[in-house]
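Chemist: got a predicted structure here, sequence first:
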Amino acid sequence: MIVISNSSPIIALSRCDQLRLFQQLFGRIFIPDAVIDDKRARNEAKELGFFPSFTSDIIKAAEKRNLIDSYDDVMKQLHQLGVYLPE
């Protein structure tokens, strides 16, 4: 599976020591130059036929595949670190 990422999930997952989830869930990640402009990156991904997901979607997928114990625990940890995500 090819995954294109902006900086938000990388920063959030790195802050709570869960960056490994990218590799465990997707294997390979592509970070385009357009990550500086999040809206542009999402538009380019849609044009290429990719489905944009949020960081919370990645955390939910990790829970579903038993890569983390609890979605809620990771979200609480992120909130404690000052990272607030749409759920």
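Modeler: Cool, the structure landed.
Chemist: from here on, contacts and neighbour counts on C-alpha atoms
Modeler: OK.
Chemist: ok but residue 24 is inside a strand, no?
Modeler: No - with DSSP: H, G, I helix; E, B strand; the rest coil as the criterion, residue 24 is helix rather than part of a strand.
Chemist: that one: neighbour count?
Modeler: 12 (other Cα atoms under 10 Å).
Chemist: so it versus residue 37, what's the distance?
Modeler: 26 Å (Cα to Cα, to the nearest Å).
Chemist: ok, residue 69 next?
Modeler: Counting by Cα to Cα, the gap from residue 69 to residue 37 is 33 Å.
Chemist: confirm residue 83 sits in a strand?
Modeler: No - assessed with three-state DSSP, residue 83 is coil; it does not lie in a strand.
Chemist: need the nearest residue in space to it, chain neighbours excluded.
Modeler: residue 12 (6.6 Å; Cα to Cα, 6 or more residues apart in numbering).
Chemist: what's the helix or strand for that neighbour?
Modeler: Element membership for residue 12, per DSSP states H and E: helix 7-15.
Chemist: how about that helix: buried residues?
Modeler: 9, 12, 13 (16 or more other Cα atoms under 10 Å).
Chemist: just give me the closest of those to residue 19.
Modeler: Nearest to residue 19 out of those is residue 13 (Cα to Cα; 4.8 Å).
Chemist: and for the nearest residue to the closest one once chain neighbours are set aside, the neighbour number?
Modeler: Closest residue to residue 13 apart from its sequence neighbours, by Cα to Cα, 6+ apart: residue 19 at 4.8 Å. For residue 19, the neighbour count with other Cα under 10 Å is 15.
Chemist: now do residue 19 against residue 31, distance only.
Modeler: From residue 19 to residue 31 the distance is 14 Å (Cα to Cα).
Chemist: looking at the buried residues of helix 7-15, which is nearest residue 82?
Modeler: The closest of the buried residues of helix 7-15 to residue 82 turns out to be residue 12 (Cα to Cα; 9.6 Å).
Chemist: report the contact partners of that closest one.
Modeler: Residue 12 makes contacts with 55, 78, 83, as judged by Cα atoms under 8 Å, 6 or more residues apart in numbering.
Chemist: what does residue 54 give?
Modeler: Counting by Cα under 8 Å, 6+ apart, residue 54 touches 9, 86.
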